Structure formats: structure tokens, C-alpha cells
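Enquirer: sequence-free structure coming up:
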């Protein structure tokens, strides 16, 4: 073992388990070289840990719906400003004349990032941490359970962090969240009510606007959307409609097209620092299928820090992955703000 081992091998997993329990000082020089521990005390986790992330993603309500691409390099992707509709019942030669199909065009702009025609995906470091008592780490009989505990805690923390960034990430040191994109691309409408906010106020804001420039969500995006309700709205919802149960909402909305609106799955997230005031977002409608997440989850690494919580006789473990994300079509998101 004079060179790094295959991360899928049983030998690597055993040495890694020893590293988690005893740290780099508990390894022989040969074992340390086999793990390729960095100067900062970080070592790549066995491939089983990365597979555990994949399983957690498939079970997650948001992450299992976004588009994902595994990569380690930066790249650019255009941001489109409308849904693409094509009549698929005609021959390719007739697409230009039959039923006047329209194609998405890149968003107009001259700069990169949130105001330009494309988003630059550049993977950012995402971390999660947990602590374990040194007595438990020293218990050789508990080594397997300790490893499972660390894997579950760190993966759960990382999935939660990525989820939060998909929703509200700032786009600089984090993924660009849908909430941030909606503000950057002017994808907002306002409620007619200024005090209590009811589902009727919110739905009417989305479907009752006569301002064509706002282009309220296309039906394709609407039926795939998640209703992200501002968790700071508790004191503002009309008591007769609290809690907001969008999944139970189904009805006819008076509009120029006469649209039937089905209920949507609902999640809650903080979308304002305090109780929403005028201009703050009450609900964000977000279509995860139009969000692209670039990642290198296979390079899941864990660092062990012995001294940070030495006074409490605990060891700190920090798990990290790299990812970046953005919507790829502005029709994927719409913020409904309080008037």
C-alpha cells in the first residue's frame, strides 16, 4: 500500500474507519498514504458514502426533481425567458409553418450572471458538520455504528444545505437560488391585499394579472411547481385560511383563458428576515425541473478536527462536497410579493 487505494475497496473502507475513530495520528505512514490525507486533515470518503448521497437525493422532494450533471469543471449555460412550445404532431419539415410553433430565446442582456444571457456554473464548496464524543470514538465495538452515524448526519446536513441553496442561495458563494433568480429577472407579482393574505389573493396574483410583460407562469411550469411559502407569514395569513394548504386547492380562476388550477405541493422556507412587509415575498412558485445542479458528489470528503471542541471532550467532523446551480428558464419561478 505505497499508493492510494481504490475508494471502493474493502481495505480503503477499513483504513477510513480507523481514520474516523483515531484521526491521522492513529494511522501508519502507509495507511495515511493510502488515504491521501491532505495537509488540512481531509480525506475522500469511500464510494459507499457517495452512493448514500445519491440515495438521499432520490428520496428528497426537491433534489429528486432538479436536473443534475456531474462535473468538476466550470461551464456556461444560457438562461431562457419563456417556455418552448412545439406542435409534435407534424413532420419536421412543417414545423416552421404548422401551428406557428415558438422556440425559447436566450434572455437579453450584456453581462454574465443574474442579468445576462447565461449563468456560469462554478462549483462552490458546501459543508456540514457534526460532533462525536471521544469516549464513543475510542470504543472499538462501536466503530461501525459511529461510521454510520457520521455518514447519516453529514449527508443529511449536506442535502439540507443544498436544498436551501436551491431555494434561496445568493449565487456568489452559493448556488443561485430560485428566489434570487426571480428577483434578478423581474419575475414578481404583487397581491391586491395589504393586510391578511389568503390563498385567493396569492392565486389571483399569479393568474389574474393583465400585465403581459410579467408573463405569469406557463401552465407547464405551474403544474410542475412547488409552492414555497414564506415561513415568516404566520401572523399575516387570514385566520380562516391558515395554514395555507395549496395541495387542497382546486378550482376555476377567472382569466382570459379560463384556466383550471390544480393544487400544488407545499414547502415552507424563510423568505424574509422578519414578518413580511410591503414588497416582501409571501409565496414563491418554483418548477424544479427547470433548475440545473452541477456537482461533484463523488468527491465527498470528510475532515476531522481534534482540538476545536477538546474542552468538551468531543471531535468535530466536517463533510464537504462541491456544487453550483441555477434556473435555466425564467418561467420556472415567480415570487408573489405583499403589496
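Expert: Cool, the structure landed. Small disclaimer: the values here were computed from a predicted structure and weren't measured. Numbering: from 1, shown residues only.

Enquirer: shaky segments in the protein?
Expert: For the chain, the stretches flagged by pLDDT under 70 are 1-4, 39, 82-116, 140, 192-201, 203-204, 206-220, 234-264.

Enquirer: kindly report the domain assignment for this protein.
Expert: Following automatic domain parsing, one finds the domains of the chain at 1-44, 178-291+330-337.

Enquirer: what helices and strands are in contact with the longest helix seen in the chain?
Expert: Longest helix of the chain, by residue count under DSSP state H: helix 143-168. With contacts taken as 3 or more CB pairs under 8 Å, 6 or more residues apart in numbering; DSSP states H and E, helix 143-168 sits against helix 10-22, helix 47-59, strand 124-133, helix 178-184, strand 266-269, strand 291-295, strand 314-327. Backbone N, C-alpha and C define where each C-beta goes, glycine included.

Enquirer: buried sites along the fifth one?
Expert: Put plainly, it is strand 266-269. 266, 269 (16 or more other CB atoms under 10 Å).

Enquirer: list the neighbouring strands of the helix or strand just after it plus their orientation.
Expert: Following strand 266-269 in sequence order, the next helix or strand is strand 281-286 (DSSP states H and E). With DSSP bridges as the test, strand 281-286 is paired with strand 226-230 (antiparallel), strand 333-337 (antiparallel).

Enquirer: picking up where we left off before, quick one: closest of the helices and strands packed on helix 143-168 to residue 155.
Expert: Closest approach to residue 155 among the helices and strands packed on helix 143-168 (CB to CB): helix 47-59, 5.3 Å.

Enquirer: check contacts around residue 283.
Expert: 202, 227, 228, 229, 230, 244, 335, 336 (CB atoms under 8 Å, 6 or more residues apart in numbering).

Enquirer: what's the spacing between it and residue 44?
Expert: Distance, residue 283 to residue 44, by CB to CB, to the nearest Å: 41 Å.

Enquirer: rebuild the strands paired with strand 281-286 as a markdown table, extending it with distance to residue 7 and mean neighbour count.
Expert: Putting the strands paired with strand 281-286 into a markdown table (distance: least, CB to CB, whole Å; neighbours: other CB atoms under 10 Å) gives the following:
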| stretch | distance to residue 7 | mean neighbour count |
| --- | --- | --- |
| strand 226-230 | 35 | 24 |
| strand 333-337 | 37 | 26 |
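
Enquirer: reformat these as TSV; add distance to residue 293.
Expert: Below are the strands paired with strand 281-286 laid out as TSV (distance: least, CB to CB, whole Å):
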stretch	distance to residue 293
strand 226-230	15
strand 333-337	15
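
Enquirer: these: which one's closest to residue 6?
Expert: With CB to CB as the yardstick, what comes closest out of the strands paired with strand 281-286 is strand 226-230 (39.4 Å).

Enquirer: thinking again about what came up before, nearest to residue 73, out of the helices and strands packed on helix 143-168?
Expert: With CB to CB, the closest approach to residue 73 among the helices and strands packed on helix 143-168 belongs to strand 291-295: 9.1 Å.

Enquirer: appreciated, that's everything.
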